[in-house]
Structure formats: C-alpha cells, structure tokens
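J.: any chance you could fold what I've pasted below:
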Amino acid sequence: PEYATPDVLRVVLYDQKHNRTAAERYLRNRNTDARGTYFDGYIIAEPGDYRLMTYNFGTESTIIDQSHIYDGAMAYTNEISSVLKNSLSVRADEEERIVYVPDHLFVDRNETLRLDYGPDIDTLQNSAGDHFTAGSIVLSYYLQIRVKGAEWISSAVGLLSGMAGSATLHDGNGRSEDPVTLYFEMQRGGMDSSEPFIYTTFHTFGKLPDRNNSLAVTFDVRTTDGRALTTTLDITDEFSKPNAIDHQWILLEEVLVIPEPPEDSDGDGFTPEVDDWEDIQTDIII
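T.: Reported below is the predicted structural model:
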C-alpha cells in the first residue's frame, strides 16, 4: 500500500509524579528537510520534570483510549459491523472479538524530560538528545496463497486469530489480555499466469506476547455462482520463517482449490435462485 504521511501530530507532556496530562499541543505545521518530513510548533508548560509522548492524530480505524495517562494510553480497533459479521460463512473463535485492522500509529517518547527556567525558548529533544523520530507501533504483513480455480472467486476475506487487539503507546507492546481475530479483504492476483493467487497486506499490533498460542487463518470465499467455501490453516510457524522475519512476507505453500460451478448454474448473482426485485407500493402514515 502507498505510504501516506500523517497530517497532524499530538504532543503531550505528562507530569512525572502522577503520569497525567500537564500540557498538550496539536502540530499541523509540516515541512521537509534532508532528513525527511517534520512537524514543528510550540507547547507551553511550567518548568519541571515531565514525560513526553507524541503520536499522529486522526487515524481512520485506530482508536486511542486513556490518552490522559502516560502508561495507560493504548490503541485499539473496533469490532467489525454486524453486517460483515453476519456475512461470514464461518464463525471464528467465540472467545475472540473480530476486529478491523489498525492504521499505522507513529509514536515517539522521552520519559526523562526536564524543563528549566530560562529567558529563551527551548527545543525539546528525545532521550538521545536528538529530534523526536516517530516509528509505527503497528506491523504490516503481506499474505499470499495460491488458488486453483481463482476465476470462480467473487470475493474473499481472511480471518486471522490469535493476534493482539491493542497496544500501549509508551512501549508499543501488544496487550496479552486482549486476544482478537483480524478481518481483512483479499484480492485476486496473477490471473494471467499459471499460478493465480489471492493476497492482501494486513496491519496488526502483533502476535499475543508471552503466550504460546496457535495462529490460524481462515479464508472465506464466495464464488460467482453463490457458493460459500471456507478453509482454515495453522500458520503459527510462518511467523518464525525468514520471509516473515526479514520482509514481513507470509507466502503459504498450500493451494486453495475452488471447484467449478455446477453445470446447471448460470454463474449470475451472489446466491443462486435469486428472484428479480419487485416494486412494492404502500402508504406511510406520518
């Protein structure tokens, strides 16, 4: 997916004693230099000891909660809509919520920031004494599986279980107490080759930490003649392979097989034997 630079950064100063918000500012002034894109602005605070955290504001699917507490601020995503959930052919583990994938969230911090008295404007720096440089706490993986009979696919989605549904901003770690199943749509590729496939790039807060959980991906496929086909694969070992570690690629060796539509199927419609729409006229009392 194409990279998009954030539009707004939120900068928060937390007092050292209570870890709660002491001052904040939203930075919209964006420029570029030899090091890349940067934001700058001013924040007003009394002299003292603080913790500073900055992150991009206005993400589409990533939601920030408890941002007024330094070590309590966390990012998460909502459960998928009831319409999407009811459209699935298979039900995921009932113990795990099915959620949208997160947007990238760029975060940086300084836990030992001291503001002294002085007549001049000071420049705030990270713990290394340099400009703050935000990195994403969200990981991206490219997932691909070969398909025999890909021409019969109308739509395909993936459900990946055993993932962290949220992460704390101050350390970027996924929360082990929040297991979820990720929902993502998949695309067809290689249709003009001898080995077509379906693929996607999904984002995640990572695998559940400190747990030897198994990771399973379910491919939920709808065919052009309205059939619903599902396949579940254990991909726990895939995350420890060089492709996943070095490149964030999950290239599955298995092949999904989509049977041809029955001969009596005309290949039209999302489900077979769907009647045409009928016009119904009735009075509405207001």
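J.: going by C-alpha atoms from here, please, whenever you check contacts or count neighbours.
T.: Noted.
J.: show residues contacting stretch 8-19.
T.: Residues outside stretch 8-19 that contact it (CA atoms under 8 Å, 6 or more residues apart in numbering): 20-28, 39, 49-58, 69-71.
J.: filter these down to the buried ones.
T.: The neighbour-count test (16 or more other CA atoms under 10 Å) marks 20-24, 26-27, 39, 49-57, 69-70 as buried among the contacts of stretch 8-19.
J.: could you measure from the residue most central in space within the chain over to residue 48?
T.: Geometric centre of the chain, nearest residue: residue 102, 2.3 Å, by CA atoms, centre = their mean. When distance is defined by CA to CA, to the nearest Å, residue 102 is 35 Å away from residue 48.
J.: same check on residue 112?
T.: Here residue 112 is placed at a distance of 11 Å from residue 48 (CA to CA).
J.: likewise residue 201?
T.: Counting by CA to CA, the gap from residue 201 to residue 48 is 44 Å.
J.: could you check which of those two is surrounded by more residues?
T.: residue 201 (17 against 12; other CA atoms under 10 Å).
J.: who does that one bridge with?
T.: Residues in a beta bridge with residue 201, per DSSP bridges, are residue 142.
J.: pretty sure it contacts residue 157?
T.: No: counting by CA atoms under 8 Å, residue 201 does not reach residue 157; the two are 11.9 Å apart.
J.: so which residues of the stretch 151-286 of the chain form strands?
T.: In the stretch 151-286 of the chain, the strands defined using DSSP state E, counting those that start in this stretch lie at 153-164, 166-168, 179-189, 197-204, 216-223, 228-234, 249-257.
J.: would you turn those strands into CSV with mean pLDDT?
T.: Below are the strands of the stretch 151-286 of the chain laid out as CSV (pLDDT from 0 to 100):
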stretch, mean pLDDT
strand 153-164, 95
strand 166-168, 97
strand 179-189, 95
strand 197-204, 97
strand 216-223, 94
strand 228-234, 94
strand 249-257, 95
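J.: which of those sits most buried?
T.: Among these, strand 166-168 has the highest mean neighbour count (mean count of other CA atoms under 10 Å), at a mean of 24.
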